[in-house]
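Asker: Here is a sequence together with a model predicted from it:
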Amino acid sequence: MHEKDRHRVILSAVQDRALVTVVDLCALTGASEATVRRDINTLDGQKRLRRVRGGAEALTTKPFVGLAGRPFSVNESLNSAAKQAIAAAAVDLCEDGEPIIINGGTTTFQMVHPLASRRLQVFTNSFPIAEHLLKNTTNTVMLSGGIIYREQNIILSPFDNDVTRNFYAKRMFMGAHGIGPLGLMEQDPLLIQAEQKLIGQADELIVLVDSSKFEARSSLVLCGLDRIDTIITDDGIDDRTAAMLERADVTLIVVPAGATQKEGLTTLPA
């Protein structure tokens with residue numbers, strides 16, 4: 001690849017992701033690390049990006065307005081064992097043939113693996129969930145329409161007349177930024193608007209969160225605890241939080257991190 005072409009690719013990658021590593025840029029350009037580092041130095045000298053340790057970053061915030069919160073790629077690496085166990089317990093609640101909604105998120109994404117042995121009708125606003133289910137399972141998949149938010153890997157629509165209103169689900173499975181006495185919390189108004197539409201299409205709301213989410217807070221409340229039927233979490237949940245959920249008449253399913261389907265599950269009745 002010619003030097004000018006490499007520079008275009010590097011600048012495009014930096015504007016798209018704000019921060020990229022030398023390894024990422026080598027894969028994108030096909031150039032060696034030494035060549036990429038030299039390109040970064042050149043572009044840094046031209047004030048077109050900023051050189052940082054191990055890569056490069058954008059000089060200014062990219063113009064595309066994304067959602068508040070950490071990117072999918074960052075969240076995916078956090079508490080992975082607990083998320084896998086929680087997701088397996090969630091799939092165990094489903095029966096073949098059922099229509100379900102799976103909201104985008106890194107915990108709900110882990111449902112795709114146990115779903116490989118099932119056959120359900122799945123509505124989702126998650127690009128990676130839909131892609132994985134289509135490629136690796138026999139589940140029927142329906143994808144919502146709207147704008148694709150790259151960092152969170154979800155599709156959201158601000159309009160009321162989208163396909164969401166035409167899908168009925170026995171259960172909706174979703175994650176959350178945080179949970180407290182007021183209910184589920186999220187960080188972005190558009191995310192709340194889209195999720196409230198989805199919640200309205202399901203008989204039961206099942207929330208999948210690792211125990212760290214009971215300490216997280218946000219200024220935006222998605223729904224109260226009285227709308228939640230079941231919460232699935234790991235055994236890091238403390239007694240005070242469990243008692244709060246019991247008082248709210250929420251069924252609590254606790255799984256040891258790393259537990260497989262139907263193994264080690266504890267259900268605390270509401």
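Answerer: Great, that's in hand.
Asker: Counting neighbours, which bits of the helix or strand harbouring His7 end up buried?
Answerer: Secondary structure assignment for His7, by DSSP states H and E: helix 3-17. Neighbour counts over helix 3-17 (16 or more other C-beta atoms under 10 Å) mark Arg6, His7, Val9, Ile10, Leu11, Ala13, Val14, Gln15, Arg17 as buried. For every residue, glycine as well, the C-beta is placed using N, CA and C.
Asker: Any chance of TSV for those, columns distance to Arg53 and pLDDT?
Answerer: Converted to TSV, the buried residues of helix 3-17 look like this (distance: C-beta to C-beta, whole Å; pLDDT from 0 to 100):
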residue	distance to Arg53	pLDDT
Arg6	21	93
His7	21	94
Val9	21	89
Ile10	16	91
Leu11	19	89
Ala13	17	84
Val14	15	85
Gln15	20	76
Arg17	16	66
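Asker: And the residues you listed, which is closest to Arg217?
Answerer: Arg17 (27.8 Å; C-beta to C-beta).
Asker: which stretches of this protein form helices?
Answerer: Using DSSP state H, the helices of the chain run over 3-17, 22-29, 33-45, 72-75, 80-91, 106-109, 127-136, 189-199, 239-247.
Asker: Let's have those helices in a markdown table, adding distance to Phe167.
Answerer: Below are the helices of the chain laid out as a markdown table (distance: least, C-beta to C-beta, whole Å):
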| stretch | distance to Phe167 |
| --- | --- |
| helix 3-17 | 32 |
| helix 22-29 | 37 |
| helix 33-45 | 46 |
| helix 72-75 | 23 |
| helix 80-91 | 19 |
| helix 106-109 | 16 |
| helix 127-136 | 14 |
| helix 189-199 | 9 |
| helix 239-247 | 28 |
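Asker: Comparing those helices, which comes out most buried?
Answerer: Ranked by mean neighbour count under mean count of other C-beta atoms under 10 Å, the helices of the chain are led by helix 106-109, which reaches a mean of 26.
Asker: Who are the packing partners of that one?
Answerer: helix 80-91, helix 127-136 (3 or more C-beta pairs under 8 Å, 6 or more residues apart in numbering; DSSP states H and E).
Asker: Work out the gap between the longest one and the centre of the chain.
Answerer: Here helix 80-91 shows a centroid-to-chain-centroid distance of 14 Å under the convention C-alpha atoms, centre = their mean, to the nearest Å.
Asker: Over to the shortest one?
Answerer: For helix 127-136, the distance from its own C-alpha centre to the chain's C-alpha centre is 14 Å (C-alpha atoms, centre = their mean).
Asker: Just give me the residue right at the centre of this protein.
Answerer: With distances taken as C-alpha atoms, centre = their mean, Gly105 lies nearest the centre of the chain, 1.7 Å away.
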